[in-house]
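Chemist: Below: sequence and its predicted model.
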Amino acid sequence: MGMKKKAMMGRILLVTLLTLVSLIYIYPVFLMFMNSFKPFGEVVSDPIAFPKQPTMENITYVVNKIHYGSLFFNNVFITVIGITGIVFFSSLAAYILDRRRNKVTALIYALIITPMLIPFQTIMITLLKAMNILHLDQSRVGLGIQYWGFGIPMASFIFYNFMKTIPKEIDESAMIDGASTWRTYRSIIFPLIKPVTFTVIVLDVMWIWNDFLLPLLMVNSSNKTKTLVLAAYTFVGQMNTKWQYAMAAMALTVLPSIIIFIILQKYIVEGVVAGAVKG
Amino acid sequence: METLVFTLPALFLVTMMMYIPFLMSGYYSLTEWNGIAKEPVFIGLANFRELFGSGSSFAGTIFFTLNYTLFFMVFSNIFALALAVALAKKFRGANVFRGLFFVPYIMSMTIVGFIWKFIFMKGFEKLFSLTGLGFLNLSWLGDPSLAFYSVAFVGVWQSLGFYVVLYIAGLKAIPEDILEAAVVDGATPMQKFFRITLPLLGPSVTTCIFMSLTNGLKVFDIILALTKGGPGKATYSTTMQIYQEAFTNNNYGLGSAEAILYFIFVLITTQLVLRIMSRREVDL
């Protein structure tokens, strides 16, 4: 009995401690949301407390100023284009490269995954020039397409490793029944690799949705092509930041991610773990 | 033939976005080019000579990046492991806690940087007037020796949840009967952790160390949001140096040379750490 009581006490102590630590840990996020409902004077005079006279003025100002709806659409549009291409091209290549192993496919595989070693800052200067020549800069579609090139190495690597675990007999029997390679991929392989497709989607959505530097270089010139993070960035100046608007803009940028995370927490965490372990 | 049709799109895209810009960087690093003049002028290795010269601040940015990465790796892993041990236990609400620590990781690093900029500038001031705690009255972003810790701290805060969930996954994979057997044999909680849990956690530790290494070396957004590399050059990472050289100073040639050196630096550092880690794993 004594042991049990001690274990109980230990557990209560642990939960209390964790509650305290996690509340302090997450406080900055609360602070952002709280301050987006305060008038300027209150943000400056009392930045850490609950709003005394909550106002929607900051939110409505920011929503109108940055055309929140259309920027939100830009984010979704760029992310969807990016993800679709990454998943499609990577899984297709990984399928063929795993099933037909020879010197040529080994070389192609190596060429596809090696760029994982190249940091973005190494190529960003010349990328801007190259994309300018190809007319892929200053365009949402162009930015989405650029993510294909950056996402494919890692995604191909993850798909390729998973493809090994799918028995060859499955697609061989489909081929014997007369299905083409494309048909086999589309109706047999693609459904089978769903779990890992989900991993790739989670990782790449988080990356593309929140990405900052590539959009800054490629689509920052016009409101028609801007992303949410870029808009939030413009509210914070060097000297006289209007923090009440900045907080509202940041809160509006982060809110969709947080809502989706609350709904899909289990799957997102699983995807991130799987991606790190496989990648 | 089919092989080529199905794999060439991926290869083509990677070539367009990565190999060609990479080769271009290699070429432009040998030129003087300000982006305005039509043609870059070939100057051989002059850019590299300048970067290795005594007047150059490039070595300082590498030093900062290494420092930051080391701090980031050590503290991310220690705190994440401690939290994971507590959060891997079964109790009601465990998932809520895990979720809370993960929230900053799903946020854009730029925004995380701005939130903390606000806290360091305004929040600490208010907290100081309420509590009188001396450390709150320091200039965390304005003092060159403190700015390093502010930037590194925010980096750890943003991605801690990521390492926590990786360690939790590793801890859950450890068979419970081994741990129970240790308790039966009279192992103290400390012995249990260092003699059994930690060695069995090997693969997770390797993953987390490697991920924190590559993420540390890439640091950029948080610094741009918090300090822009300042005060002075106190928090100037190599990534920041390349960015400013190219897009503020318009020295595209010199920037490309820095980009190439940065690539070599990242390659050597990661390979070195991989080598050390694989040797350690054999020892176990």
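Modeler: That came through, no problem. Numbering: from 1, shown residues only, chains lettered A, B, ... in the order given.
Chemist: Please list all residues in contact with A:D204.
Modeler: A:82-83, A:86, A:147, A:151, A:155 (Cβ atoms under 8 Å, 6 or more residues apart in numbering or on different chains). Placement of C-beta: from N, CA and C, glycine included.
Chemist: go with 6 Å
Modeler: A:83, A:86, A:151 (Cβ atoms under 6 Å, 6 or more residues apart in numbering or on different chains).
Chemist: Based on its surroundings, how many neighbours for A:N132?
Modeler: 12 (other Cβ atoms under 10 Å in any protein chain shown).
Chemist: ok, it - contacts?
Modeler: By Cβ under 6 Å, 6+ apart, no residues touch A:N132.
Chemist: for it, helix, strand, or coil?
Modeler: helix (DSSP: H, G, I helix; E, B strand; the rest coil).
Chemist: in the stretch 51-200 of chain A, what residue is nearest chain B?
Modeler: Using Cβ to the nearest Cβ, A:G149 is the residue of the stretch 51-200 of chain A that sits closest to chain B, at 2.4 Å.
Chemist: With adjacent residues omitted, what lies nearest to that residue?
Modeler: B:M17 (2.4 Å; Cβ to Cβ, 6 or more residues apart in numbering or on different chains).
Chemist: dump the residue contacts of that neighbour.
Modeler: B:M17 touches A:146, A:149-150, counting by Cβ under 6 Å, 6+ apart.
Chemist: what distance separates stretch A:99-106 from the centre of its chain?
Modeler: 32 Å (Cα atoms, centre = their mean, to the nearest Å).
Chemist: and that stretch, which residues are buried?
Modeler: A:99, A:105 (16 or more other Cβ atoms under 10 Å in any protein chain shown).
Chemist: One more: stretch A:270-279?
Modeler: So, applying 16+ other Cβ under 10 Å, buried residues of stretch A:270-279: A:270-276, A:278-279.
Chemist: I'd like the mean pLDDT over it, please.
Modeler: Stretch A:270-279 comes out with an average pLDDT of 82.
Chemist: Same question for stretch A:224-241.
Modeler: 84.
Chemist: any bit of it sitting next to chain B?
Modeler: Yes - using Cβ under 6 Å from any Cβ of the partner chain as the criterion, contacts between stretch A:224-241 and chain B involve A:229, A:232-233, A:236.
Chemist: Quick one: which of those residues is the most crowded by neighbours?
Modeler: Counting by other Cβ under 10 Å, top hit in the residues of stretch A:224-241 next to chain B: A:A232 with 28 neighbours.
Chemist: hang on, that residue packs against A:A251?
Modeler: No - if you go by Cβ atoms under 6 Å, A:A232 and A:A251 don't touch, sitting 9.0 Å apart.
Chemist: ok, back up a step: of the buried residues of stretch A:270-279, which ones also sit close to chain B?
Modeler: Contacts with chain B within the buried residues of stretch A:270-279, counted by Cβ under 6 Å from any Cβ: A:273, A:276.
Chemist: Of the buried residues of stretch A:270-279, which belong to helices?
Modeler: Counting by DSSP state H, those place A:270-276, A:278 in helices.
Chemist: and which of the residues you listed is nearest to chain B?
Modeler: Nearest to chain B among these is A:V273, at 4.7 Å by Cβ to the nearest Cβ.
Chemist: residues near A:I12, how many?
Modeler: 11.
Chemist: swap in the one 3 residues further on?
Modeler: Neighbourhood size, A:V15 [other Cβ under 10 Å]: 17.
Chemist: care to break the chain down by domain?
Modeler: Chain wasn't specified; assuming chain A. A:33-66+A:235-279, A:69-222 (automatic domain parsing).
Chemist: sorry, should have said chain B
Modeler: Taken from automatic domain parsing, chain B resolves into B:21-56+B:251-284, B:59-242.
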